[in-house]
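In: Take this sequence and fold it.
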Amino acid sequence: MPKIILAQINYSQDHSEKILPMGILCVGSALKEAGFTVELINITEKEINDTADYIVKEKPLYFGLSIMTGIQTQHSAELSQRIKAKSSIPVLWGGIHPSLLPEQCLQEDYIDYVIISEGEISVVEFTQRIVDQKEMEGVLGVGYKKNNQPVINPWRPFIENLDQYRLDFSLIDMSKFIFPLGKYKRAIAYKSSRGCPFNCAFCYNNAFNKNKWRTWSIDAVVEDINFLKEKYNIDAIKFYDDNFFVNKYRALEILERINLPSHLEIRIDSINDEVAAKLKEYRVFDMLIGVESGSNRLLKLIDKKFTTDKIIEAVKILKKYDLPASYSVIVGLPTETEEEFESTIDLLYQIYKIHPQAVFTLGAYLPYPGSKMYDFAIESGFQPPTRTEDWGKIDRFRKNFESPWTDVKKVWRIREYFKFLNWRLGPVISWFEWRIRHRFFGLALDIYAVEYLSGIAIEQKGVLGKALRKIYNLIRKT
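Out: As a prediction, the model looks like this:
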């Protein structure tokens, strides 16, 4: 029987190819457990042509891609198109984007099938139908074409016990997913749960995970991480759960038992003295925290359930316990006024002055299909792409994303200047502070110079790259 090939495409400018591709690893593990032969491929957009040639040559039973909305959608479309131009290999899309827009995906001639929501059970049934050359009618969580028209089967109920589906790390070369993170040399990314119970109006979780939060057991998580420590000498963990701290007792027990420095995501209203003290004790060295806006009106609009006063209160606690954090904000929300935009910049600068270990991530609002605000965004002027590949232009961290509500190039520049505040650049920091205080974001040649050199440093190419990496590590505070 031909093997199955599953892939994920990362964007090289994000340097995200080192993040463990949990989507294809979860699905691939389920397929292997069911007796199928699976190959996993994790590439960047620079490898699309070679990968297409390889897949056509290998003639798999089918080829599957895991896709998020954004630049990954565009690159996945390019690879699928190249495969279809040279073969009749069935192409399956899974992940967040095809789950939220299955009909649009199936209107493309380069996509034959979609898996909706989590795929472990659906993909096994789907594969058996392919093997048996049977129709997909009745297979929950699968979309297909009949008479060239999309047919979307009902969603499959969520897996109740995730421990039934464990990761098979032998499916992938784990040494490729070990990366330096802060002062740690051998970090690895890991996900211990799925979903989030909160209702943030901009988030895809409302539709994709139905606001449900499910976890692998503490014992399963600890077993996996202990294996990674022993097998690969891991010295840090980057948890990229959507919300690692839904249950603080579970989160703290995991941190205690794995006995490793960690990076995680946490809501600002989960932070108090008790939690902060434990985070310090368990060597949490960074946290991603969504503060979202400096406007209480907009915080209410997006249903965050906290105010700017709570944000500042928590920031002071993090400062008290000397805990670094990365603060994420969204600008360009529908109905945002210029004054509210300015209040968000003011909030970030206030956080920076209180908490010098702060790092900032500033992005323009992206209307995710399936989010609570999506229809409102369309009513307010957003024009969603009509072709799947065009979703690659809708990426909140790119300076070429066109937003009806804000100047995305300006947002990109502001984000870069805030990012530089966390670097050890001596007197140069005063220049970046001056830019922010006086809202002078033009003539951004300094950004391009620093970004170019840091990119070489991160990739560590050649003697220059390795030398710049050493400098890069010295000037970064975290």
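
In: Run the chain-centre distance for the lengthiest strand in the chain.
Out: In the chain, ranked by residue count with DSSP state E as the criterion, the top strand is strand 284-292. The offset between the C-alpha centroid of strand 284-292 and the centroid of the whole chain comes to 14 Å, using Cα atoms, centre = their mean, to the nearest Å.

In: who's in contact with that strand?
Out: The set of residues that contact strand 284-292 without belonging to it, under Cβ atoms under 8 Å, 6 or more residues apart in numbering, is 182-184, 200, 236, 255, 261-268, 271, 279, 298-299, 302, 304, 311, 314, 318, 323-330, 347, 351, 359, 361, 478. The way it works is simple: take the backbone N, C-alpha and C, and place the C-beta from them, glycine included.

In: Over to stretch 436-444?
Out: Taking contacts as Cβ under 8 Å, 6+ apart, the residues outside stretch 436-444 that touch it are 342, 345, 349, 410, 413-414, 416-418, 421, 434-435.

In: What's the PyMOL line that selects buried ones from those?
Out: With 16 or more other Cβ atoms under 10 Å as the burial test, the buried ones among those are selected in PyMOL as follows:
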select buried, resi 345+349+410+413+414+416+417+418+421+435
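
In: Strands - which of the contacts of stretch 436-444 land there?
Out: Secondary structure defined by DSSP E assigns none of these to strands.

In: which of the contacts of stretch 436-444 lies closest to Ala34?
Out: Ala34 has its nearest neighbour among the contacts of stretch 436-444 in Glu416, at 46.5 Å by Cβ to Cβ.

In: List only buried entries from the contacts of strand 284-292.
Out: Here the buried ones among the contacts of strand 284-292, as counted with 16+ other Cβ under 10 Å, turn out to be 182, 184, 200, 236, 255, 261-268, 271, 279, 298-299, 302, 304, 311, 314, 318, 323-330, 347, 351, 359, 361, 478.

In: now the strands for the stretch 101-250 of the chain?
Out: Under the criterion DSSP state E, counting those that start in this stretch, strands of the stretch 101-250 of the chain are mapped to 113-115, 142-146, 149-152, 179-181, 184-190, 193-195, 213-215, 236-239.

In: Give me the helices and strands touching the first one, please.
Out: Applying 3 or more Cβ pairs under 8 Å, 6 or more residues apart in numbering; DSSP states H and E, we find strand 113-115 packed against strand 91-94, helix 96-100, helix 102-106, helix 120-132, strand 142-146.

In: now the ones you listed as JSON lines including mean pLDDT?
Out: Below are the helices and strands packed on strand 113-115 laid out as JSON lines (pLDDT from 0 to 100):
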{"stretch": "strand 91-94", "mean pLDDT": "98"}
{"stretch": "helix 96-100", "mean pLDDT": "96"}
{"stretch": "helix 102-106", "mean pLDDT": "97"}
{"stretch": "helix 120-132", "mean pLDDT": "97"}
{"stretch": "strand 142-146", "mean pLDDT": "97"}
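
In: Which one of those lies nearest to Trp391?
Out: Of all the helices and strands packed on strand 113-115, helix 96-100 sits nearest to Trp391, with 6.8 Å by Cβ to Cβ.

In: quick one: contacts of the closest one?
Out: Residues from elsewhere that reach helix 96-100, judged by Cβ under 8 Å, 6+ apart: 67-69, 72-73, 105, 111, 114-117, 143, 204, 207-208, 368-370, 388, 391.

In: Could you turn the buried ones of those residues into a ChimeraX selection?
Out: Once 16+ other Cβ under 10 Å is used to decide burial, the buried members of these can be selected in ChimeraX as follows:
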select :67,68,69,72,73,105,111,114,115,116,117,143,204,207,208,368,369,370,388,391
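
In: domain parsing for the chain?
Out: The record, using automatic domain parsing to delimit domains, assigns the chain the ranges 4-152, 162-442.

In: hang on, the earlier thing: CA atoms only: put the next helix or strand after the longest strand of the chain into CSV for me.
Out: Past strand 284-292, heading to the C-terminal end, the next element that is a helix or strand (DSSP states H and E) is helix 296-301. Coordinates of the C-alpha atoms in helix 296-301 are reproduced here as CSV (Å, rounded to 0.1, in the frame of the first residue of the first chain):
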residue,chain,number,x,y,z
ASN,A,296,-11.7,50.0,28.0
ARG,A,297,-14.4,50.4,25.4
LEU,A,298,-12.6,48.2,22.9
LEU,A,299,-11.7,45.7,25.6
LYS,A,300,-15.4,45.4,26.3
LEU,A,301,-16.2,45.2,22.5
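
In: so who does the closest residue in space to Val221 that isn't next to it in sequence touch?
Out: Take Val221 and drop its neighbours on the chain: the residue closest to it by Cβ to Cβ, 6 or more residues apart in numbering is Ser192, 4.6 Å away. If you count contacts by Cβ under 8 Å, 6+ apart, Ser192 has them with 215-216, 221, 239, 241, 244, 254.

In: do the same with Ala251
Out: For Ala251, the residues meeting the contact criterion (Cβ under 8 Å, 6+ apart) are 244-245, 264.

In: For burial, what's the neighbour tally of Val56?
Out: Counted by other Cβ atoms under 10 Å, the residues lying close to Val56 total 17.

In: ok, now which ones touch it?
Out: If you count contacts by Cβ under 8 Å, 6+ apart, Val56 has them with 83, 86-87, 89.

In: what residue ranges in this structure score low on pLDDT?
Out: Scanning the chain for pLDDT under 70 picks out 396-399, 424-425, 450-478.

In: how close does Ile436 get to Arg413?
Out: Distance of Ile436 to Arg413, computed by Cβ to Cβ, to the nearest Å: 10 Å.
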